[in-house]
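Novice: Need the 3D shape of this:
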Amino acid sequence: MGRKTMKVLVLAMLVNLAFGLTYLYIAPSILAAPENKAKPVSIPQAKAAPDHAQDLDAQWKVLKEREHKVDLKEKELEEIEKRVDAKIKELKALEASVKKEVDAYKIESNKRIKYLVKMYTSMKPKAAASLMNKLDLKIAVEVFLNMKGDIAGTILPYMDPKKAATITRMLVTYKNSGGNSP
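Specialist: Okay, the predicted model is just below:
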């Protein structure tokens, strides 16, 4: 809803309120008055009308103050919304940047794993096993995953039996989990 529409609605409500209060104020005196219309208006009733006008003025001022406060809150919320939108945009840019860096890291990591695979497959199985025993388990698993099975099968028997068993378990888990990292 637009700002002008909101103001028109508030003004219409105020006019309605004024007429409603006027009706409620006048209706009891009309209902209580006899049907004789020639009867003059008494002085107390004439004094009551200005009081009623003062009440309406006071209510009008209160409504104007409320409208002003609502306008201020609306402006404040718009500013907050702008700041939140800017932060969201900034975070999306940061997310894209991080994703790009992670993708670049994965590509580089895959290149290094392929290089290791090439290096270990060109070695004698016993020498490769000796070096593989010193590798981090996750790296060793990645290397074995990228090797041909027959080459990996010649290296594994020369490795430390506990480490070879752990690597084998991780390879099975890796394959059972659908190819996710161990």
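
Novice: my guess is residue 155 contacts residue 131, does it?
Specialist: No: in this structure, residue 155 is not within contact of residue 131 by Cβ atoms under 8 Å, at 9.5 Å. Quick note: C-beta positions are derived from backbone N, CA and C, even for glycine.

Novice: host element of the residue positioned nearest the centre of the chain?
Specialist: Per Cα atoms, centre = their mean, the C-alpha nearest to the average position across the chain is that of residue 88, at 8.2 Å. Residue 88 is located in helix 43-122, with elements delineated by DSSP states H and E.

Novice: so after that helix, what's the next helix or strand?
Specialist: With DSSP H and E, the next secondary element past helix 43-122 is helix 125-132.

Novice: which outside residues touch that next one?
Specialist: 120-121, 123, 140, 143, 154-159 (Cβ atoms under 8 Å, 6 or more residues apart in numbering).

Novice: can you put those residues in JSON lines and add secondary structure, distance to residue 103 and neighbour count?
Specialist: Listed next are the contacts of helix 125-132 as JSON lines, based on DSSP: H, G, I helix; E, B strand; the rest coil; distance: Cβ to Cβ, whole Å; neighbours: other Cβ atoms under 10 Å:
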{"residue": "120", "secondary structure": "helix", "distance to residue 103": "26", "neighbour count": "23"}
{"residue": "121", "secondary structure": "helix", "distance to residue 103": "27", "neighbour count": "17"}
{"residue": "123", "secondary structure": "coil", "distance to residue 103": "31", "neighbour count": "15"}
{"residue": "140", "secondary structure": "helix", "distance to residue 103": "24", "neighbour count": "25"}
{"residue": "143", "secondary structure": "helix", "distance to residue 103": "22", "neighbour count": "22"}
{"residue": "154", "secondary structure": "helix", "distance to residue 103": "34", "neighbour count": "16"}
{"residue": "155", "secondary structure": "helix", "distance to residue 103": "31", "neighbour count": "25"}
{"residue": "156", "secondary structure": "helix", "distance to residue 103": "32", "neighbour count": "20"}
{"residue": "157", "secondary structure": "helix", "distance to residue 103": "37", "neighbour count": "11"}
{"residue": "158", "secondary structure": "helix", "distance to residue 103": "36", "neighbour count": "16"}
{"residue": "159", "secondary structure": "coil", "distance to residue 103": "33", "neighbour count": "22"}
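
Novice: mind putting those in CSV, pLDDT included?
Specialist: Shown next, in CSV, are these (pLDDT from 0 to 100):
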residue, pLDDT
120, 93
121, 93
123, 94
140, 93
143, 94
154, 94
155, 95
156, 92
157, 94
158, 95
159, 94
